[in-house]
Each structure stands twice: as C-alpha cells, then as structure tokens.
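[1] any chance you can model this:
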Amino acid sequence: MTGLVPPLEWQRVFVEPWAANSTSSAWIVLMGFFATATCGLVGNYLILRRMVLVGDAISHSVLAGIAGAFLLSGSRGSAWMFVGSLAAGIITALLIEAIHRHTRVKQDSAIGIAFTSLFALGVVLISLYGGRVDLDQECVLYGEIANVPVTVEPLPESLSRLAAHVPLLQAEFLWRGVDLVMPPDVLRMALLLMATGALIGVFYKELLVSSFDASLAVSLGIPAAVVHYGIMGILSLVAVSAFEAVGAILVIAMLILPGATAQLLSQRLPVILGLTLLHAALSAVTGLHLGTWLDCSIAGAMVVAGGGWFALAWVFNPREGLLRRVLRSAPRHDAAQPAGGIGSKEHSR
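    Sure, this is the predicted structure:
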C-alpha cells in the first residue's frame with residue numbers, strides 16, 4: 001500500500017469474495033444482515049422513545065456478564081457466556097429504570113451510571129482473572145464476524161426440513177438432499193430476526209401507541225409499562241446475540257443507523273420498518289466489499305457502509321434532503337429584477 005487508501009482492485013474486491021470464497025462470503029453477509037436487521041427493527045422503537053443510549057449501556061454491560069458467567073460456571077462454553085451476557089443486559093435495563101424512577105436522577109444520567117459501573121466491573125473481573133479468561137480486545141471491540149463460517153454445523157432434522165423451504169436460510173443456496181449445514185451464530189440470529197418480526201407484527205398497535213404517547217396508551221387500556229419492559233428484554237437479547245459477531249462498540253451503531261436512515265426517508269412506520277431491512281441488506285453487502293478492499297474489520301466496515309447509506313439519504317432525500325434544502329434557499333435568477341435595476345426610474349436618473 002503506497003498511500004492511506006489501497007488501490008481498488010476489482011477482481012480481488014468484487015469478484016473473488018463470490019467466486020473463490022462464495023460460501024464464506026455468503027455466511028458473513030447473512031450474519032451481518034441478520035444482526036443489523038434485528039438491531040435495526042428494535043432500534044426504531046428506541047429512537048421513537050428517545051432511548052437509544054440504553055442499547056449502548058446494555059452492549060457494554062455484556063463484558064461483566066461474560067466474566068461473571070465464567071467465574072460461576074468455570075466454563076467458557078458459548079451457552080454459559082450467552083446466559084451470563086443476557087442476565088447482565090436485563091440487569092442493566094432494570095437498574096436504569098430503578099435509578100430513574102426511584103431517585104431524582106434523570107434517565108440519561110441513570111444510563112451513564114449503570115453502563116459505566118457494569119462495564120468497569122467487567123474490566124476489573126477480567127483484570128483479576130485475565131489468565132483464566134480467553135477474551136481479547138478485538139473480540140470485545142470488533143467481534144468475530146469473519147470467523148462465523150468456521151463454526152459450521154449440521155442443522156437439527158426439524159430445522160433442516162424447515163430450511164429446505166426457506167432459501168434465505170440455506171448457506172450455499174443449494175439443497176443437497178442431506179442435512180443442511182449452518183453456523184450456529186447465524187441460525188440464532190436468523191431465528192431471533194424472525195421472532196422479532198413476529199412480535200412486532202402481533203403487538204404492532206401497542207408498540208406504536210406506547211412509543212409515541214405513553215399516557216394515551218394507558219388511557220386506551222394498553223399496559224405501557226409491560227410494553228416498555230418487553231422492549232428492554234428484547235433489546236437485551238438482541239444486543240447479546242449480536243455481541244459475538246460485531247462487538248460491544250458496534251452494536252449501538254447497528255441499533256441506530258438503519259432506523260435513523262429509514263426515518264429520514266419516510267414518516268410511516270410500516271415503510272420505515274421495510275427500509276430498515278433494506279438498509280441492513282445494503283450495509284452487509286457493501287460492508288463485505290469495503291472490508292475486503294481496505295483489509296480491515298468486516299463488522300466495522302459494515303457499520304461504515306451503513307453510515308455511508310445514511311449520508312446519501314441525508315443529502316439526496318427528495319423531500320427534505322440537504323441538497324433539496326440548498327436548492328430551495330438558492331436565489332432565483334429568473335425572478336423579476338429588484339427596484340433600482342436597469343430600466344428603473346432610479347437608474348434612468
């Protein structure tokens with residue numbers, strides 16, 4: 001590399017990922033799409049409720065859950081790590097609510113207190129027992145989405161039959177007539193995305209009303225508190241599930257960017273949810289090629305790509321985009337000439 005940016009080699013960046021490494025690329029893109037789409041769907045409601053930093057708090061508290069799970073179980077198995085992380089996420093959400101409701105501390109301050117304290121606790125535990133916990137900085141910050149294709153396992157027979165009729169769940173997009181193989185992380189995120197979509201569909205009205213006006217929701221008989229804690233529970237599950245692939249730092253970006261981009265383009269929630277999925281797909285594909293081009297973290301490249309799509313929506317939005325606003329404010333040269341111009345009485349004098 002002769003400069004800050006390597007030369008763009010079309011063959012290496014755009015052709016080889018799908019020619020020589022098609023299976024690995026497909027798994028990475030699917031994992032990126034599932035993680036970003038799931039985070040984005042939940043993130044839409046966080047944006048509407050002005051609670052996006054709760055996702056940041058939960059993603060940071062995961063470290064304490066991982067360390068605590070290892071100390072209690074003595075095992076580094078993924079099941080124990082997942083349970084510990086999920087418990088930490090739920091405790092974080094409950095702690096934020098407890099501080100906010102039972103003290104005079106405002107919600108943003110409660111979020112800062114909860115996530116910094118739990119994150120610091122995780123750092124202390126890792127420091128004390130670092131020799132016994134296999135956890136490095138890259139895992140925490142960037143995740144390991146590039147290693148997703150390494151852990152391919154056969155699907156259970158029941159899920160294998162289901163996947164035969166769902167092309168999106170087929171790793172190589174080929175049905176071989178035998179057990180379908182699939183990385184467990186991708187399977188977990190795929191199932192979580194479907195479950196999240198199903199919950200949004202079933203409780204669409206309750207989520208919509210309580211997100212815009214909690215008082216109105218209560219007057220209509222909607223249990224706003226139950227809906228709130230339900231969102232916090234799903235948020236914890238989503239953040240923990242995406243943690244291994246994209247890391248604690250990037251989870252918050254995936255919670256915000258898809259929904260923020262979609263809400264620039266539309267004000268109707270069904271359209272916003274659809275645009276969120278589209279943004280997730282575009283971010284996953286372009287992020288893979290960007291990471292290949294720059295030889296950097298693919299998860300980080302997916303977030304950068306998502307930021308690029310946000311910038312395009314911000315600038316070129318046909319209704320309220322930055323470019324349209326500039327054009328609106330520009331003076332019109334074909335307008336009538338002001339007083340004092342050529343041909344006016346003042347000029348003739």
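[2] stretch 15-23: which residues count as buried?
    Residues of stretch 15-23 classed as buried: residue 17 (neighbour count, 16 or more other Cβ atoms under 10 Å). Every C-beta, even on glycine, is put in place using the N, C-alpha and C of the backbone.
[3] what's the end-to-end length of that stretch?
    Chord length of stretch 15-23, first to last residue, is 13 Å (Cα to Cα, to the nearest Å).
[4] find out how far it is from the centre of the chain, if you would.
    Centre-to-centre, stretch 15-23 and its host chain are 25 Å apart (Cα atoms, centre = their mean, to the nearest Å).
[5] okay, now the unreliable bits of the stretch 51-200 of the chain?
    75-78, 129-143, 149-181 (pLDDT under 70).
[6] which stretches of it form helices?
    Taking DSSP state H, counting those that start in this stretch, the helices of the stretch 51-200 of the chain run over residues 52-73, 78-102, 107-128, 137-142, 157-163, 184-202.
[7] buried deepest among those helices, which one?
    helix 52-73 (a mean of 24; mean count of other Cβ atoms under 10 Å).
[8] what's the offset of that one from the middle of its chain?
    Using Cα atoms, centre = their mean, the offset of helix 52-73 from its chain centre is 17 Å.
[9] try stretch 39-55
    What separates the centre of stretch 39-55 from the centre of its chain is 10 Å, taken as Cα atoms, centre = their mean.
[10] now the helices of the stretch 51-200 of the chain as TSV including distance to residue 37?
    Listed next are the helices of the stretch 51-200 of the chain as TSV, based on distance: least, Cβ to Cβ, whole Å:
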stretch	distance to residue 37
helix 52-73	15
helix 78-102	19
helix 107-128	24
helix 137-142	20
helix 157-163	18
helix 184-202	6
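[11] out of those, the one nearest residue 4 is which?
    Closest approach to residue 4 among the helices of the stretch 51-200 of the chain (Cβ to Cβ): helix 137-142, 20.2 Å.
[12] so what's the closest residue to residue 41 other than its chain neighbours up against?
    With sequence-adjacent residues excluded and distances taken as Cβ to Cβ, 6 or more residues apart in numbering, residue 41 is closest to residue 196, at 5.4 Å. Residue 196 is in contact with 38, 41, 42, 234, 238, counting by Cβ atoms under 8 Å, 6 or more residues apart in numbering.
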